[in-house]
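A.B. asks: Turn this into a structure:
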Amino acid sequence: MRKLFVLTALLLFAGFAFGQTLKSGSIVAVHHYDIVLRPDVTLNQFLEFMEKTYKPEFEKAFPGTTLVGLIGDRGALKYTYAGMIIFDSMETRDKYFPVAEEEPSNWTEEQQKTWQGFNNEISKMVLDLNTTYTDWKIL
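C.D. replies: You can find the predicted model right below:
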């Protein structure tokens, strides 16, 4: 129940912070991450990669998306990390990430290369990564 409250608060914050860009029908995918970094990787190195490389490259490769990094400041998830992918529509989300894993993603070759590059870079920094997520539709 606490996690639901925290995620709801994050979504409300997103609505206020990005009120100009969050339109009815947009999708906000909120991902909570449990991350174990490799011993030779600092948190700052990982966060810098996410902000300066992953975010702009993802948004360029997947038009219609905006990424937002989050860190828990108070409450049950304090000091934990989360992220939001804001899709401009349900169609955009479904194009890149179909409902059923068996469905083709309709990714271009360039998008596939970008995604594989992300996975390779993240695996150099992270020992273990678990995520839970919920996609929220803006009313």
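A.B. asks: where do the strands sit along this protein?
C.D. replies: 27-37, 65-71, 81-87, 126-137 (DSSP state E).
A.B. asks: Turn the ones you listed into JSON lines, including mean pLDDT and distance to residue 50.
C.D. replies: Where you see a C-beta, it was placed from the backbone N, CA and C, and this is true even at glycine. Output for those, formatted as JSON lines (pLDDT from 0 to 100; distance: least, Cβ to Cβ, whole Å):
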{"stretch": "strand 27-37", "mean pLDDT": "93", "distance to residue 50": "10"}
{"stretch": "strand 65-71", "mean pLDDT": "93", "distance to residue 50": "6"}
{"stretch": "strand 81-87", "mean pLDDT": "94", "distance to residue 50": "8"}
{"stretch": "strand 126-137", "mean pLDDT": "93", "distance to residue 50": "11"}
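A.B. asks: Looking at these, which is nearest to residue 119?
C.D. replies: With Cβ to Cβ as the measure, strand 126-137 is the member of the strands of the chain nearest residue 119 (10.2 Å).
A.B. asks: I'd like to know which elements that closest one is packed against.
C.D. replies: strand 27-37 (3 or more Cβ pairs under 8 Å, 6 or more residues apart in numbering; DSSP states H and E).
A.B. asks: Give the pairing partners of the strand it packs on; include direction for each.
C.D. replies: Next to strand 27-37 in the sheet, as set by DSSP bridges, lie strand 81-87 (antiparallel), strand 126-137 (antiparallel).
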